[in-house]
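[1] can't give you the sequence, but here's the structure:
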């Protein structure tokens with residue numbers, strides 16, 4: 001009975017040995033070339049933790065040899081005793097020279113990084129005051145009005161105001177004939193202008209003159225209006241546009257009081273002037289009525305719109321190191337192609353879940369999310385995911401390359417990526433040099449625009465472009481990821497083989 005069983009097992013083993021399918025299933029991993037195999041052998045965790053069992057079996061010999069050499073060095077040092085001197089000792093001249101050379105090299109590298117990376121941010125602000133005129137403001141006046149035409153005193157005052165030397169270069173004033181309130185507001189909403197200063201109708205000057213001559217009351221506070229939208233760009237409006245509009249209002253009121261009113265009053269008869277004293281129009285001179293179409297009253301929105309976007313870059317950078325050990329464990333059980341697929345899917349799932357936490361944070365602080373779309377929480381979640389996936393994929397790819405080439409470059413990359421993304425994002429690109437137009441193609445700028453649409457219901461004309469840019473980054477990062485992973489693994493194997501050869 002036992003001999004029959006052994007004969008049967010021997011026959012099965014013999015059949016399996018010469019069965020092509022069995023051989024393929026048992027030795028399929030051997031068909032992968034060495035470049036593919038290193039992907040699962042030389043992972044980030046295995047390399048960073050120097051775990052020889054997770055890299056190669058024969059690295060044990062290198063470790064044993066190193067231990068023997070260390071033991072010999074320790075025994076020799078015990079016999080001779082450690083030699084320690086002062087830093088400026090003559091015995092340490094060579095060591096001191098070596099230290100100073102290496103120290104100087106590091107300082108030069110830091111200088112080079114500061115001058116190259118940090119100058120991107122400094123450069124975005126250089127000469128900014130000379131580019132305020134790029135922020136266009138619509139100035140709508142009465143038809144037929146001119147700076148020299150006194151038949152339209154209010155429009156004439158508006159034109160005189162924008163031509164004042166102290167105001168002329170604050171913004172890009174563009175005079176046009178008045179059409180209608182709705183059309184003017186629509187142009188600002190569609191972001192053709194940063195603001196609009198306009199008369200309320202084509203006969204406001206006539207209304208003012210008749211009211212003064214007839215001694216009748218008139219609501220002078222709404223004859224001239226100024227429309228803008230803070231939600232379009234919170235920093236840009238508060239820093240550049242709104243202060244200049246306020247300066248315009250002050251200068252306009254002064255011109256009305258010092259030029260327009262005295263001229264109109266000088267043409268009145270004594271009876272007309274006496275009748276005028278019984279009205280409020282004599283003391284309530286025309287002023288500018290300011291209208292904010294997209295008010296920002298909840299200051300907590302600054303968190304997701306500014307620092308929150310920077311945190312998105314940082315958290316996606318550090319998630320790479322958090323998953324090193326987990327990825328190493330998975331790599332030991334998967335074929336190379338399966339491992340690459342796992343890493344690509346795992347990254348996207350991670351970004352999706354982390355962005356959910358980011359959205360919950362915004363909801364916890366009661367940031368309104370339903371101004372633009374119903375189900376605003378879900379929309380914000382998807383926008384956050386697109387942003388995280390776009391910057392996170394780039395961080396993961398560059399981390400692999402930097403770690404393989406020169407690990408300290410990882411910190412340089414993070415700072416460079418943050419600086420290049422935010423330099424022309426939190427201020428209007430119009431006030432930055434033309435070089436910074438590249439920001440339109442960067443992920444944080446497009447995520448910033450999407451967030452403003454979500455939180456302030458701003459113009460959605462660029463919605464497709466903003467989403468498209470983020471998706472393009474995600475696709476490109478996933479295409480490049482296998483090559484970056486191959487390069488990392490190949491480079492690590494080559495370095496370790498060189499180290500092993502040097503030991504021998």
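    Received it, and whenever you're ready, just let me know what you need. Only a predicted model underlies this, so the values are computations on that prediction, with no experimental measurement involved.
[2] contacts, neighbours, all on C-alpha from now
    Noted.
[3] which regions of the protein lie under the pLDDT threshold?
    1-62, 73-83, 502-504 (pLDDT under 70).
[4] quick check: residue 356 is in a strand.
    No - counting by DSSP: H, G, I helix; E, B strand; the rest coil, residue 356 is located in no strand; its state is helix.
[5] hang on, it packs against residue 381?
    Yes - with contact defined as Cα atoms under 8 Å, residue 356 reaches residue 381; the gap is 5.8 Å.
[6] show me what the longest helix seen in the chain packs onto, helices and strands only.
    Across the chain, the longest stretch assigned as helix under DSSP state H is helix 463-503. In terms of contacts (3 or more Cα pairs under 8 Å, 6 or more residues apart in numbering; DSSP states H and E), helix 463-503 is packed against helix 34-41, helix 59-80, helix 336-364, helix 376-405, helix 443-456.
[7] now do 10 Å
    helix 34-41, helix 44-48, helix 59-80, helix 336-364, helix 376-405, helix 443-456 (3 or more Cα pairs under 10 Å, 6 or more residues apart in numbering; DSSP states H and E).
[8] can you list these in TSV and add mean neighbour count?
    Below are the helices and strands packed on helix 463-503 laid out as TSV (neighbours: other Cα atoms under 10 Å):
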stretch	mean neighbour count
helix 34-41	20
helix 44-48	20
helix 59-80	12
helix 336-364	17
helix 376-405	23
helix 443-456	23
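[9] distance to residue 308 added to those, as a markdown table?
    Shown next, in a markdown table, are those (distance: least, Cα to Cα, whole Å):
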| stretch | distance to residue 308 |
| --- | --- |
| helix 34-41 | 34 |
| helix 44-48 | 28 |
| helix 59-80 | 44 |
| helix 336-364 | 9 |
| helix 376-405 | 10 |
| helix 443-456 | 10 |
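[10] of all those, which lies closest to residue 101?
    Smallest distance to residue 101 across the helices and strands packed on helix 463-503 (Cα to Cα): 21.3 Å, for helix 376-405.
[11] tell me the helix or strand right after the closest one.
    Next in sequence after helix 376-405, counting helices and strands by DSSP states H and E, comes helix 409-422.
[12] on that earlier part again, of the helices and strands packed on helix 463-503, which is nearest residue 292?
    Closest among these, using Cα to Cα: helix 443-456, at 12.0 Å.
[13] on that earlier part again, nearest to residue 214, of the helices and strands packed on helix 463-503?
    That would be helix 443-456 among the helices and strands packed on helix 463-503, by Cα to Cα, at 45.2 Å.
[14] by contact count, what packs against the closest one?
    Counting by 3+ Cα pairs under 10 Å, 6+ apart, helix 443-456 packs on helix 308-322, helix 376-405, helix 409-422, helix 463-503.
[15] in three-state terms, label the residue lying closest to residue 185 once chain neighbours are set aside for me.
    The spatially closest residue to residue 185, leaving aside those adjacent along the chain, is residue 227, at 6.9 Å (Cα to Cα, 6 or more residues apart in numbering). Going by three-state DSSP, the secondary structure assigned to residue 227 is strand.
[16] residues touching residue 227, list them.
    137-138, 181, 184-185, 188-189, 194-198, 245, 289-294 (Cα atoms under 10 Å, 6 or more residues apart in numbering).
[17] list buried residues within those.
    Neighbour-count burial within the contacts of residue 227 applies to 137-138, 184-185, 188-189, 194-198, 245, 289-290, 293-294; the criterion is 16 or more other Cα atoms under 10 Å.
[18] kindly report the domain assignment for the protein.
    92-125, 128-292, 300-503 (automatic domain parsing).
[19] middle-most residue in this protein, spatially?
    With distances taken as Cα atoms, centre = their mean, residue 444 lies nearest the centre of the chain, 2.6 Å away.
[20] for that residue, list the residues it contacts.
    305-306, 309-310, 312-313, 387-388, 390-391, 418, 420-422, 425-426, 450, 466, 470.
[21] and the gap between it and residue 324?
    Relative to residue 324, residue 444 is positioned 26 Å away (Cα to Cα, to the nearest Å).
[22] and residue 218, that one's in a helix?
    No - counting by three-state DSSP, one finds residue 218 to be coil, located in no helix.
[23] helix or strand for residue 291, which one?
    With DSSP H and E as criterion, residue 291 is part of strand 288-292.
[24] run the chain-centre distance for the helix or strand just after that strand.
    Remark: after strand 288-292, the chain's next helix or strand is helix 302, criterion DSSP H and E. Counting by Cα atoms, centre = their mean, to the nearest Å, helix 302 is centred 14 Å from the centre of its parent chain.
[25] correct me if wrong: residue 491 contacts residue 401.
    Yes - at 9.2 Å, residue 491 counts as touching residue 401 under the criterion of Cα atoms under 10 Å.
[26] hey, what's in contact with both of the two?
    Common contact partners of residue 491 and residue 401 (Cα under 10 Å, 6+ apart): residue 485.
[27] name whatever forms a beta bridge with the residue nearest to residue 185.
    Per DSSP bridges, the residues bridged to residue 227 are residue 196, residue 291.
[28] any idea how far it is from residue 272?
    35 Å.
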